[in-house]
Structure formats: structure tokens, C-alpha cells
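> predicted model and sequence follow; I will ask about them next.
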Amino acid sequence: MQPPMRHLTTQLLAPRHRIRWRLLLASLLLVVSWFAFSPANPAQPFSHADKFEHVLAFGCLALVASLAWAPGWRMVMGVTAGLLLYGGFIETVQSLLPGRVASWADLLADAAGIAAGLIVAQAVRGTRADTRA
């Protein structure tokens with residue numbers, strides 16, 4: 001018999017739940033877009049708090065996206081490329097919005113978040129990335 005947490009993880013990672021992970025991903029993309037395109041909040045609790053927000057948002061997106069598809073290098077590359085393009089899209093749109101600016105540092109924070117999310121996804125799966133895919 002598996003320990004309760006391992007059983008729960010096995011159930012959540014079952015292929016039949018991937019559609020739910022994809023729906024959660026779509027919801028998260030909407031929430032992140034709403035925050036990204038809303039007027040900037042000048043009051044930050046600490047210096048560079050927005051970079052922390054980028055890492056957190058893109059870490060969550062990468063984690064959920066990686067659980068929405070079968071594990072493997074194709075998934076890792078697809079999630080990485082897709083989310084980096086999304087981050088670039090956000091920065092491009094922000095450069096056109098009044099009160100917002102595009103920032104390479106934000107895109108770098110997005111990349112750090114993507115890496116962290118993918119690492120957590122592999123830890124949750126309890127496996128290394130499949131090199132055959």
C-alpha cells in the first residue's frame with residue numbers, strides 16, 4: 001500500500017487529469033494577463049517586489065503547464081518556449097500601455113520562474129525527465 005501523499009500524487013498525475021491541468025493553466029493565464037495589463041501599482045512592499053511576482057507567476061504557470069502534458073524533453077522545451085513567448089508578449093504589450101514599461105529584467109525573472117516551476121514539476125513527479133521523448 002502506498003503512503004497517502006504518494007497515492008494522492010499518483011492520482012493527480014494520472015493522464016485522465018491532464019484536461020483539468022489544462023483548464024487550470026488557461027485560468028492562470030487569464031489571471032496573469034489581467035494583472036500584467038492592469039495599471040501598475042507603484043506601492044511595492046520591498047525593492048524589486050515585481051521581480052518576485054514574475055518568478056512566482058511564471059513558476060506556477062510552468063508547474064501547471066508541465067503537469068498538463070506527458071513528461072519528457074518535448075514537454076519541457078514546449079513549456080519553456082511557450083511561456084517565454086508569452087512573457088515577451090506581455091512585455092511588448094506593456095510597452096504600449098500608459099504607465100507601464102517593458103523590461104528585460106522582467107523577462108529574465110520570467111525565465112527564472114519557468115526553470116523553478118519545471119524543477120518542482122520533476123520533483124512532484126518523482127522522476128527525471130524522460131530522455132526518449
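Ah, there it is.

> list the residues that contact residue 43.
With contact set as Cβ atoms under 8 Å, 6 or more residues apart in numbering, residue 43 has no partners. From N, CA and C alone the C-beta is placed, and that goes for glycine too.

> secondary structure class of it, three-state.
coil (DSSP: H, G, I helix; E, B strand; the rest coil).

> looking at the protein, which helix or strand is least sure?
helix 4-12 (a mean of 70; mean pLDDT, DSSP states H and E).

> in the following helix or strand past that one, which residues are buried?
Downstream of helix 4-12, the first helix or strand assigned by DSSP states H and E is helix 18-37. Neighbour-count burial for helix 18-37, with 16 or more other Cβ atoms under 10 Å as criterion, is recorded at 21, 25, 28-29, 32, 36.

> of all the residues you listed, which two lie farthest apart?
21 and 36 (21.7 Å; Cβ to Cβ).

> can I get the buried residues of helix 18-37 in TSV with pLDDT and distance to residue 66?
What follows is the buried residues of helix 18-37, written out as TSV (pLDDT from 0 to 100; distance: Cβ to Cβ, whole Å):
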residue	pLDDT	distance to residue 66
21	95	9
25	98	10
28	98	13
29	98	14
32	97	16
36	94	21
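
> looking at the residues you listed, which is nearest residue 64?
residue 25 (4.8 Å).

> give the contact list for that closest one.
Contacts of residue 25 by Cβ under 8 Å, 6+ apart are 61, 64-65, 68.

> by neighbours, which of those wins?
residue 65 (27 neighbours; other Cβ atoms under 10 Å).

> does that one lie in a helix or a strand, and which?
Per DSSP H and E: helix 49-67 holds residue 65.

> rewinding a little: out of the contacts of residue 25, which comes closest to residue 111?
residue 61 (12.0 Å).

> give me the buried positions along the biggest helix by length in the chain.
What stands out as the longest helix in the chain, according to DSSP state H, is helix 73-96. Buried residues in helix 73-96, counted by 16+ other Cβ under 10 Å: 75-76, 79-80, 83, 86-87, 90-91, 94.

> tell me which residues touch the residue nearest to the spatial centre of the chain, please.
With distances taken as Cα atoms, centre = their mean, residue 61 lies nearest the centre of the chain, 2.0 Å away. The neighbours of residue 61, taking Cβ under 8 Å, 6+ apart as the test, are 25, 28-29, 32, 83, 86, 113-114, 117.
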